[in-house]
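> missing the sequence, but the structure's below:
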Ligand SMILES: [Zn+2]
């Protein structure tokens, strides 16, 4: 799959820049509150559970389980017209209880199932490295 057009790439901000730096370094990571020890997603300044400001970034193994998925047959942006059909999945990440990330799954749509185990790989897209999952 070729890199997406720059307009469709994520823009790291103050809350997510460490996540994207981890992707660039080749690993997934998630924020965990240093007070209540709960993981949170998406990244944010305050813990939504105990309202503590700040969080620790924990490196994750990069594996997970598909909780649900959709097969996109009609691209939401012209930059993805040549990619359809493709799979977008909700993936419960190992090592980060409660964190479910939305990601592209590099697999034929008819080969995807809820409960399937996946692993992450990263695609260089210029300013960011994009996480993409594949079945294991
Ligand atoms: Zn907390």
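That came through fine. On a predicted model such as this, the values are computed, not experimentally measured, just so you know.

> buried residues in the longest strand belonging to the chain?
Longest strand in the chain, counting residues (DSSP state E): strand 63-72. Neighbour-count burial for strand 63-72 flags 63-66, 69, 72 (criterion: 16 or more other C-beta atoms under 10 Å). C-beta: built from backbone N, CA, C; applies to glycine.

> okay if I get those as JSON lines plus pLDDT?
Below are these laid out as JSON lines (pLDDT from 0 to 100):
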{"residue": "63", "pLDDT": "98"}
{"residue": "64", "pLDDT": "98"}
{"residue": "65", "pLDDT": "98"}
{"residue": "66", "pLDDT": "98"}
{"residue": "69", "pLDDT": "98"}
{"residue": "72", "pLDDT": "96"}
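
> where are the low-confidence patches of the chain?
Low-confidence segments of the chain (pLDDT under 70): 1-7.

> what segments of it are helices?
Ranges of helices within the chain are 17-25, based on DSSP state H.

> before we move on, the earlier item: mind picking the two most distant members of the buried residues of strand 63-72?
63 and 72 (23.5 Å; C-beta to C-beta).

> sorry, back to before: mind listing the strands the longest strand of the chain pairs with, and their directions?
strand 86-93 (antiparallel), strand 117-124 (antiparallel) (DSSP bridges).

> chain center to the last one, what's the gap?
Just to be clear, that refers to strand 117-124. Relative to its chain's centre, strand 117-124 lies at 9 Å (C-alpha atoms, centre = their mean, to the nearest Å).

> what's the angle between that strand and helix 17-25?
Angle, strand 117-124 to helix 17-25, by axes from the mean of the first three to the mean of the last three C-alpha atoms, to 10 degrees: 90 degrees.

> equivalent analysis for the first one, please.
An angle of 110 degrees separates the directions of strand 86-93 and helix 17-25 when computed by the same axes, to 10 degrees.

> now strand 86-93: buried residues?
Neighbour-count burial for strand 86-93, counted by 16+ other C-beta under 10 Å, picks out 86-87, 89-91, 93.
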